[in-house]
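Asks: Turn this into a model:
(chains A and B)
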2 protein chains.
Amino acid sequence: MKTITLDVKGMTCGHCKSAVNGALTEIDGIDRVEVNLETGKVEVTYDENKIDQAKMKDAIEEQGYDVA
Amino acid sequence: MKTITLDVKGMTCGHCKSAVNGALTEIDGIDRVEVNLETGKVEVTYDENKIDQAKMKDAIEEQGYDVA
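Replies: Presented below is the predicted three-dimensional model:
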């Protein structure tokens, strides 16, 4: 397991938080997601053998947010 | 049918718009809802014999927004 912090732009409310959290949590290989709405930081703990950062980025962008 | 415009505070994104729109649309007696995210104005066309403004206000507040 590895933990990284992503910088996500555009999350404004609890719905946004849920959308990002939900999109990441449902990916196989992601163990834990912690979204901080105030800072835009999203902490993800994941299995490096199952997924990579590009897939997380795609999932977040699909919800309409940018990943720095 | 009557059309009124409500001032709703706290809507920040498309999810908020959908939440308010959905909560109002499902009320019996409401015919049309138009949410303007930029201005916070929510235009509602409704049947005065079926519902009143207090019920709309309640439905919006239940979603976590304030009605001025």
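
Asks: The nearest residue to residue A:28 once chain neighbours are set aside: how many residues sit nearby?
Replies: Distances taken as Cβ to Cβ, 6 or more residues apart in numbering or on different chains put residue A:50 closest to residue A:28, at 6.1 Å, once the chain neighbours are dropped. In short, each C-beta sits where N, CA and C put it, glycine included. For residue A:50, the neighbour count with other Cβ atoms under 10 Å in any protein chain shown is 12.

Asks: cool, residue A:42 as well?
Replies: There are 24 residues near residue A:42, going by other Cβ under 10 Å.

Asks: one step back: so the residue nearest to residue A:28 touches residue A:29, yeah?
Replies: Yes - Residue A:50 lies in contact with residue A:29 (Cβ atoms under 8 Å); the separation is 2.9 Å.

Asks: Need the outlier residue of chain A, farthest from its centre.
Replies: Largest separation from the mean C-alpha position in chain A: residue A:49, at 17.5 Å (Cα atoms, centre = their mean).

Asks: In contact with it: list those residues for me.
Replies: residue A:29 (Cβ atoms under 8 Å, 6 or more residues apart in numbering or on different chains).

Asks: now do residue A:30
Replies: Contacts of residue A:30 (Cβ under 8 Å, 6+ apart): A:24, A:44-47, A:51, A:56.

Asks: per-residue pLDDT, the closest residue to chain B within chain A?
Replies: Per Cβ to the nearest Cβ, the residue of chain A with the smallest distance to chain B is residue A:15, at 3.2 Å. At residue A:15, the model reports a pLDDT of 96.
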